[in-house]
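**Student:** Predicted model and sequence follow; I will ask about them next.
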Amino acid sequence: MSVSLPSIFLAAAIYIRSYDTVATTTTTHLHFFMHDDYTGPRPTAARVVSGRSLLPTSSSQGGDGDGDSDGDGDGDDNATATGRSALSRLLTSPRQFGDVVVLNNALTEGPDGRSVRVGTAQGFAVRMSEGGIVSHLTLHMVLDAGEHRGSSVTANGRIDMDAEVRESVVIGGTGKFRFARGYMLTRNYDYDLARGGIVEIDVYVQH
């Protein structure tokens, strides 16, 4: 059976118009606490690749160990003691340049570990600075409670642990958060670099 050319064009127009709908944007605020545990009996975070320091070691700074780099006995490099102390702290940091850590952390309503669990934060971080604790973070927040159960939000960003508040970009989501965009704010609630701890998270999502 032959089909007329106008009929084909009409069908194509109807097909295209079916996607031409007026979308409404909703902003959702998600607030929870992430439990980042490196040392417990069942760790939820782990360093899977150990990097290295790009900073010089104390022995490479010169001197004979008496605080006098030129050997004249006047202790003329005592003024650098504070700088060397800071260097030593960096060299013994539990994080090194190039470290890769993976995360499978609980998300709860409150900071207490016994608080109601609302989801799981899964992702990875790569330390990308040779001085200071600065990492690239990719985090998938999978929600398994409440009205957003079965949905997820993904954030990507630069995390500077010396900053009081870190801001990351929401790059997408699934379920109710498909085509999501927005931003994520993280703050240390009770955190230690060696052991981990609790991070407070606020996510503002447009979807």
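**Tutor:** Yes, it's here.
**Student:** ok, now how distant is Glu200 from Asp99?
**Tutor:** Distance check for Glu200 against Asp99: by Cβ to Cβ, to the nearest Å, it reads 23 Å. From N, CA and C alone the C-beta is placed, and that goes for glycine too.
**Student:** Comparing the two, which shows the higher neighbour count?
**Tutor:** Asp99 (20 against 17; other Cβ atoms under 10 Å).
**Student:** which residues touch that one?
**Tutor:** 47, 49-51, 126-127 (Cβ atoms under 8 Å, 6 or more residues apart in numbering).
**Student:** what do you get if the cut-off is 7 Å, keeping everything else the same?
**Tutor:** Each residue near Asp99 by Cβ atoms under 7 Å, 6 or more residues apart in numbering is listed here: 47, 49-51, 127.
**Student:** the helices in this structure, which residues?
**Tutor:** 5-17, 81-91 (DSSP state H).
**Student:** shouldn't Trp48 be in contact with Asn104?
**Tutor:** For residue 48 the amino acid is Val, not Trp. No. Contact criterion Cβ atoms under 7 Å: Val48 and Asn104 do not qualify, at 11.9 Å.
**Student:** the more surrounded of the two?
**Tutor:** Neighbours per residue, other Cβ under 10 Å: of Val48 and Asn104, the larger number sits with Asn104, 13 against 9.
**Student:** Can you name the residues bridging to the more buried one?
**Tutor:** Asn104 has these beta-bridge partners by DSSP bridges: Gln122.
**Student:** contacting residues around it?
**Tutor:** Counted by Cβ under 7 Å, 6+ apart, Asn104 has contacts 44, 120, 122.
**Student:** Check the gap between the last one and Val101 for me.
**Tutor:** This points to Gln122. Counting by Cβ to Cβ, the gap from Gln122 to Val101 is 12 Å.
**Student:** swap in Lys176?
**Tutor:** For Lys176, the distance to Val101 equals 29 Å [Cβ to Cβ].
**Student:** Asp202 too?
**Tutor:** Taken as Cβ to Cβ, the span from Asp202 to Val101 is 22 Å.
**Student:** Quick check on those two: which one has the bigger neighbour count.
**Tutor:** Taking other Cβ under 10 Å, Asp202 and Val101 do not tie; Val101 has more neighbours (20 against 14).
**Student:** correct me, but the more buried one touches Thr44?
**Tutor:** No. Between Val101 and Thr44 there is no contact under Cβ under 7 Å: 10.9 Å.
**Student:** Can you check the pLDDT for the closest residue to Arg47 other than its chain neighbours?
**Tutor:** Distances taken as Cβ to Cβ, 6 or more residues apart in numbering put Val101 closest to Arg47, at 4.9 Å, once the chain neighbours are dropped. Per-residue confidence (pLDDT) for Val101: 94.
**Student:** ok, now which ones touch Val101?
**Tutor:** 45-48, 124-125.
**Student:** Swap in 6 Å and give it another go.
**Tutor:** 45, 47, 125 (Cβ atoms under 6 Å, 6 or more residues apart in numbering).
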